[in-house]
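Visitor: Would you be able to build a 3D model of this:
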Amino acid sequence: LSRAREETARAGARLEAAREKRAETATRIRDARDTEPAALADALKPLRKGEPREEIERRLGQTVASHDRLGAVNLRAEEELAEIEASHGALSAEREDLTAAIARLRAAVRSLNQEGRSRLLAAFTAVDGHFRTLFETLFDGGEARLELVESDDPLEAGLEVIARPPGKKPQTLSLLSGGEQALTALALVFGVFLTNPAPVCVLDEVDAPLDDANVERFCALLDEMRRVTRTRFLTVTHNPITMARMDRLLGVTMAERGVSQLVAVDLQAAERLLEAT
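Guide: From the prediction side, this is the model:
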């Protein structure tokens, strides 16, 4: 009886220790897996039938590791998914609008390029025709032309001036003398001007690099331009030949030292007055 009582006491102590260990294990299961021990036991039942302990522990370790890799549970996952889907729908609609707008812009650019090419070629042909005529007039012969170079597309091509004064070979503008370059440039400028005349044209010292004979040609060209257009030409010059061919002179004199005075002379009226006297 004494031994039985001692055995009962030891069994009671082991039972109490087992209950404490069970409670601690249940607490760890709740903290680590966020589940009740009974639910975990039910989930592990299929693993306990006919399999060794080592295999069960290995598979359990794999399951736990897989669960840990999933990370924390996002309780707002459905709400975030709905927000992302709504944002995706809005972005998709904007993308479709942008794609349609890009297509319209490309079509407009193609149309503008086509129209620009046709207008540029028409303007180029007109300017080239005027340039050829004016060049022959200024040089009393020779020939000149404009060429589009470096590209087949007129919108991307460069412009090259080919000129052949009388008695010379055709060459580019940069190989001509200073006076020849000036006359050729005048022919080109007035060729562009004749294509699209303006009410007023200001020429600033364009006759400076010309000799007297070429100045006479320049003045004759001005008379012709004035005849075929309704443009008023304002010429800034110090050349007496040019000034003598103008209708009106505007200048600044200094009759007294340090006192400037604006003077205007109507040459046509002066000529009539001289003839009358």
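Visitor: Tell me the buried residues in stretch 241-260?
Guide: Neighbour-count burial for stretch 241-260 flags 242, 245-246 (criterion: 16 or more other C-beta atoms under 10 Å). For every residue, glycine as well, the C-beta is placed using N, CA and C.
Visitor: where's that stretch relative to the chain centroid, distance-wise?
Guide: The chain centroid and the centroid of stretch 241-260 are separated by 50 Å under C-alpha atoms, centre = their mean, to the nearest Å.
Visitor: For the residue lying closest to residue 74 once chain neighbours are set aside, pull up the helix or strand it's in.
Guide: Excluding the flanking residues, the one nearest residue 74 by C-beta to C-beta, 6 or more residues apart in numbering is residue 80, at 7.3 Å. Using DSSP states H and E, residue 80 sits within helix 77-139.
Visitor: Check which helices and strands that helix is in contact with.
Guide: Applying 3 or more C-beta pairs under 8 Å, 6 or more residues apart in numbering; DSSP states H and E, one finds that helix 77-139 contacts strand 143-149, helix 178-195, helix 212-228.
Visitor: any idea of the mean pLDDT for it?
Guide: For helix 77-139, the mean per-residue pLDDT is 91.
Visitor: Quick one: distance of it to the chain centre.
Guide: Remark: helix 77-139 is offset 12 Å from the chain centroid, using C-alpha atoms, centre = their mean.
Visitor: Give me the angle between that helix and helix 212-228.
Guide: Calculated by axes from the mean of the first three to the mean of the last three C-alpha atoms, to 10 degrees, helix 77-139 forms an angle of 120 degrees with helix 212-228.
Visitor: Next, find the distance separating residue 68 from residue 229.
Guide: 91 Å (C-beta to C-beta, to the nearest Å).
Visitor: More neighbours: which of these two?
Guide: More neighbours surround residue 229 than the other of residue 68 and residue 229, with 16 against 9 (other C-beta atoms under 10 Å).
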